[in-house]
Each structure stands twice: as structure tokens, then as C-alpha cells.
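Q: Need the 3D shape of this:
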Amino acid sequence: MESLETIVLIGVLMVVASVVAPRLRVPVPLVLLVSGIVVGFVPQVREIHLPSEAVLVLFLPALLFWESLTTSLREIRRDLRGILLLSTVLVVATALGIAGLGTALGMTWGAALILGAALAPTDATAVSSMAKSLPHRNMTLLRAESLINDGTALVLFTIAVGVAVGGIDYSAASITWLLVVSYLGGAAVGLASAWLGTAVLRRLSDPLVISTVLVVLPFFAFLLAELIHASGVIAVVVSGLFITQSGPRVSTPRSRQQTFGFWTLATSLLNGALFALIGIEAQSAVRAVAVSEIGPLIVLTFAAWIGLLVIRFAFQVAVVALIRLIDRRPSQHARRMPTKARVVSTVAGFRGAVSLAVALAVPVTFASGEAFPGRDQVIFVAAGVVLLTLMVQGVILPPVLRWADLPADTSREDELELAQHAMVEEAVRALPDVARSLGVDEAVTDRLRREYDDHLALLSFDPDSEDDVGSVRRQQELTQLRVAMLEPKRAAILQLRDTHIIGDTTLVTMQARLDREALRLLQPEVLD
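A: Residues are numbered from 1 along each chain as shown. Predicted structure coming up:
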């Protein structure tokens, strides 16, 4: 199938899935996955393949950068110990566990170790797309783990391929050195790239150029890390987290608006394309193996999937018990979560495109030129496990969440409320000095002060006070009226354009102003 036809097909699948999924009350990625499997029966579609290089070089840097930009560094620091254990030790334990299971069920040790490395990491894209209903802290832990564990898995994959294909004899010291270079080198490259990017951003004022720098930055960090054989994944994640700290001080409101819009659309398209391509690739995986092997491979697929769940749950229980035994500080006690949270984390530990990309990256031949035995089997099992984690765990996660009945997490809402209070209070305090410096008329200053006072009263209302409730209701009605009045304004400028009184460029400028006003008025709803 031609490239243009492929793009159109994936686009149509994404549009259809976005319409159908809400009606079926299932996640959009799940519908895309099933759609990819279904269209894979079409002979022409079977020619479409998910290039491993495209996932690791194109999709992965962009998606991880956006995930890191929208993840709180403060919250990562709060649970850093647990995140590091899950993204390193658990990945190694999972890879070895799956490798042992694969060997017991007939795979060679080299192929089984590669399979373990492929299936070990949870997928950041899948977690963000499929686990949106998780409480905020649980979601942050899963996302942070998924951002980092790809780096560990790719190092394990390099070792596994070196052992299986190249006959390289790794020692404990050489493996330790690979991990050190991967993590510390990747982190150093990420920091250096983000620092350089920030220095460039400080000297720019054009929103389009600023947005372009932020688009290039993750790929630059990934490339630089790969050149020194460090982890491109870690470099991208670290650079994204750094930019979350420095970016607000060096970018402009318009560039932030452009950047947010671009990354939201771009990552949505990349996510949708990935899930559809995974479904299509699953068809290729089935067709690549002999019919006689399908039965045993299906057994291995289910065994590996169950093994992932058991290892993940057992590891979390063991680590939590060990931490509680060693660390008895009150701060540690306050961070504890119920046992049911481990069950939720186990079910929400989705595998995705990274696992499939690692499997597809298995070399076709040995260094001697001989065909690598087990490559098709590794791809088959990896694709099958990815499908099971997304389709089965994606379906059972909502009832598991209801069963777990985790404590409500209002930390994000509390922080939003605190931030709004602080902003308005600071504005009220600074208003007289700013007005004097600008030479603004006192009447104008008084009008703005009344608006701020009304806003502060709205934020500070007492639900048990009839006066406050009435004031809030009036403010809500005023906001509704202001939003409703935007439509007549929009109709007026459209009429001017349609009657050729103003041009299209003027229309676009005025519509942008109305859109910004609508976003300002509807900010709470937009954030939700």
C-alpha cells in the first residue's frame, strides 16, 4: 500500500474511533486497536508494517517529551524511590522472569531474554491513554515509571542481542558500565540539551521560532545521547522535565499557546497512529509463523501475560513491605497507599508500541550470516501480550478501580484553588503601584479592583452562607452571559467578512481574540 493511502487509512480509523468509542463507552485506543486488527484482513493493508526505527526515533522522543512536559517534577521527587525501583529493578526482574518462562516453554535462552527485555517496560503512551480514570497520584507514579523504564529495557535489549546474536560475553562490570553510561550519560545530555535550549529561548521573541525550538529539542537530545551510546529516552525525559522548570520564564504567552496546541494535536495523532499500527502489525505477526507453531505460541503468550501480572504485583508487595520495615519515618507513613492500589497498578501496567518496536528490532541474522532462530516467535508473543494488556486489562481496569475504591485524591484541585487565590491576592496588592507607574486614571483602577474583589469573593465563598451562595450564583450567571455574548460577536465579524467589508486575515485575528476570551471564561471546564 502506498504511503499516502496508508496515511489516509490511519486518519480515517482515528476519526471513526473517536466517534464510536464514546458511544461504546470504551477508550479510543482500544477501538483503534481493534480497528487495526480488522482492517489487517484486507490484503493490501497487510503490506503495512510498523518500522521499529520509526517508533524508537520518531514516535518515542516526541511522545516522551510531551509526557515529561505534562508531568510534575515535584511529584516525581516525592515518590522518587518507588519510581526508581519500579523503573529499574522491576524491569530487570520482569525480563529475567519472562526469559525463564520462555525457556521453560521451549524458546532458546537468547530469544527468551530478548522477549523478556521487550515485555519488561510499561508503556507511557498506553498508560496515559488507557488509565485516565486513575487518581492523580497513582497516575503520576505510573507515568513517571513508564517514562524511565524504557531506558532500562533498551539496555537489557542491547545486552540480550549481544549475547544471542553477537556472542558477546558480558561481565558484571561491563553490564554495570552500560547502565551507568545509559542513565548518567542520558541525564547529562538531557540537562545540557535543555540548558542550551533555554539559553536559545531567552534570546527569541517570535512565537513560531520558539515553538520550533521546542519541537526540535527532544530529537536533538535523543540524537546526542545516542551518539555517545547513552540512553536517548532518559535524555528526552530529563530535558522535558528541565523545560517544565525553565520554560515558563523564557517563553511568551502566544508561544505557549501555540506550543500547547501543536503538541496536543501532534501527540494525539501519533498515539492514534501507533494503536492502529499495533493492530495491523498483529496480523503480520500471526502470518509470519508456521501454522503448527501457533498453538504453542498462544500458550506462551498467555503464560507471559499472566507472568507479567504476577511478577509486577509480587514485586510491589515485597518492595512496599521492605520499605515499611526499614523506613518508619512519619513522612513515609503519610505516603502509604492501601494494598488495593497495588492491584490497580498491576492492571494499569499496560504494554504498548515500545515492546513491539523492541521485538521488531531483533536482528534477522547472526553475525555469521545465519538466520536468527526465534525472531518471528518473539514478535508473535510480544504482539500477543501487547494486545492482551490493552484489550483485557483496558476493559477490566474500570471495574477494578470501582472495587478498589481508592481514597479521593483532590491534591490537584486543591493546588489549583491555592494558585488562583495567590494570583488574585497578589494582583490586588500590586494594583495601586502598577496603576501609578502607568499613569492610569483612578476610575479605571477602581473598576479593575472591584473585578478582582468579586473574583476573590467567588474563590473564597462559604457554601453554608446564603449571601455567598447568592454571590457565586450571580458570578456564574454573569460568566454564562459573557460566554453566550461571544456568539453574536462572532456572527457580526463573520457577516462583515461575508459582505466583503473585512478580509479573511482580519477575521482570523478577531476570532483568535474571541477564542482566547472564551478560554479565559471557561478555564475551569477546560482544565477538567
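Q: Just give the nearest non-adjacent residue to the residue nearest the centre of the chain, would you?
A: The residue lying closest to the centre of the chain (Cα atoms, centre = their mean) is Glu67, at 3.9 Å. Distances taken as Cβ to Cβ, 6 or more residues apart in numbering place Ala124 nearest to Glu67, at 5.0 Å, with adjacent residues excluded. Glycine gets a C-beta too; all of them are placed from N, C-alpha and C.
Q: if I pick the nearest residue to Thr252 once chain neighbours are set aside, what's in contact with it?
A: Distances taken as Cβ to Cβ, 6+ apart place Pro207 nearest to Thr252, at 5.9 Å, with adjacent residues excluded. Contact analysis of Pro207 by Cβ atoms under 8 Å, 6 or more residues apart in numbering lists 252, 254-255, 257-258.
Q: surely Gln316 meets Thr346?
A: Yes: proximity of Gln316 to Thr346 meets the contact threshold set by Cβ atoms under 8 Å, at 7.1 Å.
Q: residues shared between the contacts of these two?
A: Here Gln316 and Thr346 share no contacting residue, scored by Cβ under 8 Å, 6+ apart.
Q: Show me where this structure dips below the pLDDT cut-off.
A: Along the chain, the model assigns pLDDT under 70 to residues 1, 166-167, 331, 333-334, 365-371, 458, 460-472, 474-475, 523-528.
Q: Show me where it has its strands.
A: Taking DSSP state E as the criterion, the chain contains no strands.
Q: ok, Pro363 - contacts?
A: Counted by Cβ under 8 Å, 6+ apart, Pro363 has contacts 161, 165, 372, 375.
Q: Quick check: the gap between the second one and Leu154.
A: Distance of Val165 to Leu154, computed by Cβ to Cβ, to the nearest Å: 16 Å.
Q: What about Glu442, how many residues nearby?
A: Per other Cβ atoms under 10 Å, the neighbour tally for Glu442 reads 10.
Q: hmm, I was thinking of Val400
A: Val400 has 15 neighbours, counted by other Cβ under 10 Å.
Q: I'd guessed it sits against Ser345; true?
A: No: counting by Cβ under 8 Å, Ser345 is not a contact partner of Val400; they are 10.3 Å apart.
Q: and the contacts of Pro363 as JSON lines, adding distance to Gly384 and neighbour count?
A: As requested, the contacts of Pro363 are exported to JSON lines (distance: Cβ to Cβ, whole Å; neighbours: other Cβ atoms under 10 Å):
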{"residue": "Val161", "distance to Gly384": "21", "neighbour count": "20"}
{"residue": "Val165", "distance to Gly384": "23", "neighbour count": "20"}
{"residue": "Phe372", "distance to Gly384": "20", "neighbour count": "19"}
{"residue": "Arg375", "distance to Gly384": "15", "neighbour count": "20"}
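Q: Of all pairs in these, which one spans the longest distance?
A: Using Cβ to Cβ, the contacts of Pro363 span at most 10.9 Å, a distance reached by Val161 and Arg375.
Q: Need the overlap of contacts for these two.
A: By Cβ under 8 Å, 6+ apart, Val161 and Arg375 have these common neighbours: 362-363.
Q: contacting residues for the residue nearest to the centre of the chain?
A: Counting by Cβ under 8 Å, 6+ apart, Glu67 touches 124-125, 128, 143, 146-147, 237, 240.
Q: okay, now Leu184: neighbour count?
A: Leu184: 13 neighbours (other Cβ under 10 Å).
Q: Please tell me how far it sits from Asn149.
A: Noted for Leu184: a distance of 17 Å to Asn149, by Cβ to Cβ.
Q: Going along the chain, name the helices of the stretch 251-400 of the chain.
A: 253-287, 291-326, 330-334, 339-347, 353-360, 375-388, 394-404 (DSSP state H, counting those that start in this stretch).
Q: So which of those helices is the most surrounded?
A: Neighbour counts (mean count of other Cβ atoms under 10 Å) averaged over each of the helices of the stretch 251-400 of the chain peak at helix 353-360, with a mean of 28.
Q: Show me what it is packed against.
A: Helices and strands touching helix 353-360, by 3 or more Cβ pairs under 8 Å, 6 or more residues apart in numbering; DSSP states H and E, are helix 52-54, helix 109-119, helix 136-164, helix 253-287, helix 375-388.
Q: between those helices, which one is nearest to Arg450?
A: In terms of Cβ to Cβ, the element of the helices and strands packed on helix 353-360 nearest to Arg450 is helix 253-287, at 25.0 Å.
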